[in-house]
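> Got a sequence here, can you build the structure:
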Amino acid sequence: MRRLKKSIYLSLWGTVFAVLWMVRVCHPGVTGGCKPVGEKPDTLPVAENPELPASVVDRPLVFSDVRHPVRSVPSYDRCFPDLQDVQIGAARKWGVQPVRDRRQAEERKSELVFVGSNPYYVMDRGMSYSIPYLVPRAADLLQQIGRNFLDSLAVKGVPLHRIIVTSVLRSEADVKKLQRCNPNASPESCHRFGTTFDIAYNRYNTVSPPGEHRREVRNDTLKYVLSEVLRDIREQQRCYIKYEVKQACFHITTR
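Residues are numbered from 1 along each chain as shown. Next up is the predicted model:
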């Protein structure tokens, strides 16, 4: 029997892995009772990103037979009140020096981490005013939010969805271009420092096995769950968050 080429082998392995992962996510009970005592629980795969700390990469998602209720937060404005003057201070403390354009951003890769769609979040396709980089501290935070959101959906019995990231690092050129179509865009944007990202609260990415249509969930329900996750992380003093009405997003800066 001829030996398969390496590329074909890797492709087949990736396909099998993806199918098994979707079975694991959608039917956790299939594997839940078959693990030897003391064996570590399985983890979802993460995008290749060596800059992320092991605490984020290794922590398993939580699957439980106990269903928790969906509650939301009492008020978005009161729970997420952090304005520009608060967030810009953290951005300057933890961020990089603003980059002139995308070419200069590419030259600063030693200070920045590439952020791309992975099992925990999706980068918005229409993100034309951002460059897919964040400082490691912010990339860690984004990954944690995505994981916690999936954890929370699982324990509440809500079909799994991924958050959608609508904005990350912006160069000075991006800010100026954005101001032409959005007069409210601040020239002192926190996004210039690579510490800040926006997460949509009215759109989500459905996690579905190939060929299977998942039960539909109202975006409001997913927003309630996301708001609980963000409130908890903010209360841990890991970030500042502003609830943006016009942009339909949570504006988040690491701290």
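> what ranges do the helices span in the stretch 101-250 of the chain?
102-106, 136-156, 172-181, 219-235 (DSSP state H, counting those that start in this stretch).
> Reformat those as CSV; add mean pLDDT.
Conversion of those to CSV gives the following (pLDDT from 0 to 100):
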stretch, mean pLDDT
helix 102-106, 86
helix 136-156, 96
helix 172-181, 85
helix 219-235, 97
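> got a list of what the closest residue to A105 other than its chain neighbours touches?
Excluding its sequence neighbours, the residue lying closest to A105 (CB to CB, 6 or more residues apart in numbering) is V99, at 4.5 Å. (Each C-beta comes from the backbone N, C-alpha and C, glycine too.) V99 makes contacts with A105, R108, I131, L169, S171, E172, R192, as judged by CB atoms under 8 Å, 6 or more residues apart in numbering.
> Does the third one touch S171 like I think?
When you say that, I think you mean I131. Yes. Using CB atoms under 8 Å, I131 makes contact with S171 at a distance of 6.3 Å.
> Need the overlap of contacts for those two.
V99, R102, A105.
> Can you get me a residue count around the second one?
When you say that, I think you mean R102. 14 (other CB atoms under 10 Å).
> And the last one, by the same measure?
The number of residues packed around A105, counting by other CB under 10 Å, is 23.
> Ok, the one 5 residues further on next?
Each residue near S110 was counted by other CB under 10 Å, and the total is 6.
> any weak-confidence spans in the protein?
In the predicted model of the chain, residues 1-67, 183-184 satisfy pLDDT under 70.
> Would you map out the domains in it?
1-33, 53-59+68-254 (automatic domain parsing).
> Deepest in the core, which of the ones you listed is it.
domain 53-59+68-254 (a mean of 18; mean count of other CB atoms under 10 Å).
> For N205, name its beta-bridge partners.
R162 (DSSP bridges).
> ok, it to D124 distance?
According to CB to CB, to the nearest Å, N205 stands 10 Å off from D124.
> Mind listing the shared neighbours of those two?
I164.
> May I see the contacts of V99 arranged in a markdown table, with distance to R137 as well?
Output for the contacts of V99, formatted as a markdown table (distance: CB to CB, whole Å):
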| residue | distance to R137 |
| --- | --- |
| A105 | 17 |
| R108 | 15 |
| I131 | 17 |
| L169 | 13 |
| S171 | 20 |
| E172 | 22 |
| R192 | 16 |
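> from the shared contacts of I131 and S171, which single one is nearest S186?
Distance to S186, by CB to CB, is smallest for V99 among the shared contacts of I131 and S171, at 16.8 Å.
> Let me see the backbone angles for H213.
phi -100, psi 120 (degrees, to the nearest 10).
> now V99
Per degrees, to the nearest 10, the backbone of V99 is at phi -100, psi 150.
> Can you tell me how far it is from Q143?
V99 is 22 Å from Q143, by CB to CB.
> Help me confirm that I252 is found in a helix?
No. According to DSSP: H, G, I helix; E, B strand; the rest coil, the state of I252 is strand, so it is not within a helix.
> Next up, the contacts around it.
Here I252 is in contact with L141, I145, T196, F197, D198, I199, L230, C239, Y240, I241 (CB under 8 Å, 6+ apart).
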